[in-house]
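Peer 1: Predicted coordinates and the sequence they were generated for:
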Amino acid sequence: LQAMLFVHTLFSVERGSECVSPEVHMLEFYQESDLTLGAFLTQFGFNANYFCPVCQGSMFAHARTFFHNRQRLDITIDDFQDDRCLQFLRRFEATGGVGDDDVA
């Protein structure tokens, strides 16, 4: 069995307080609960219909922090109002990839 221990906390930026105090979790690799990063972000990050199970606030107003060994990963979602980024994403979706003129 391959597994990893990590600590997770959830903080409400709006309220200025923790919704979930630091908790130790074990992630078992290649099991049903093991998600790819893309699946995790789609389900728990960029999903406007997913709300905090504690305060019922939008997850867009929360910060998640994961600790493993001596590393920390913070996940926050900010409203990004840059038309260039949106145009690039639409062009990328329409063409199925990045064109030569889009590579810096």
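Peer 2: Thanks, I have it. Keep in mind that this is a model prediction, so the values were computed, not measured.
Peer 1: For residue 13, list the residues it contacts.
Peer 2: 61-63, 76 (CB atoms under 8 Å, 6 or more residues apart in numbering). C-beta: built from backbone N, CA, C; applies to glycine.
Peer 1: Among the residues you listed, name the buried ones.
Peer 2: With neighbours counted by 16 or more other CB atoms under 10 Å, these contain buried members at 61-63.
Peer 1: Out of those, list just those in helices.
Peer 2: Judged by DSSP state H, helices contain none of those.
Peer 1: Which member of the residues you listed is positioned nearest residue 81?
Peer 2: Residue 81 lies nearest to residue 61 out of those, by CB to CB, at 16.8 Å.
Peer 1: Which pLDDT does the model give the closest one?
Peer 2: With respect to pLDDT, residue 61 has a value of 91.
Peer 1: Would you agree residue 65 is in contact with residue 23?
Peer 2: No: assessed by CB atoms under 8 Å, residue 65 is found out of contact with residue 23, at 11.2 Å.
Peer 1: between those two, who's got more neighbours?
Peer 2: residue 65 (17 against 10; other CB atoms under 10 Å).
Peer 1: Let's verify that one: helix, strand, or coil?
Peer 2: Recorded secondary structure, residue 65: strand (DSSP: H, G, I helix; E, B strand; the rest coil).
Peer 1: Distance-wise, check it relative to residue 81.
Peer 2: Here residue 65 is placed at a distance of 25 Å from residue 81 (CB to CB, to the nearest Å).
Peer 1: what do you get for residue 20?
Peer 2: According to CB to CB, residue 20 stands 29 Å off from residue 81.
Peer 1: of the two, who's got more company?
Peer 2: Counted by other CB under 10 Å, residue 20 and residue 81 do not tie: residue 20 has more neighbours, with 16 against 7.
Peer 1: OK, contacts around that one?
Peer 2: Residue 20 sits in contact with 8-10, 54, where contact means CB under 8 Å, 6+ apart.
Peer 1: For the helix or strand hosting residue 39, buried residues please.
Peer 2: Using DSSP states H and E, residue 39 sits in helix 37-40. Across helix 37-40, burial judged by 16+ other CB under 10 Å covers no residue at all.
Peer 1: low-scoring stretches of this protein, by residue?
Peer 2: Filtered on pLDDT under 70, the chain yields the residue ranges 98-104.
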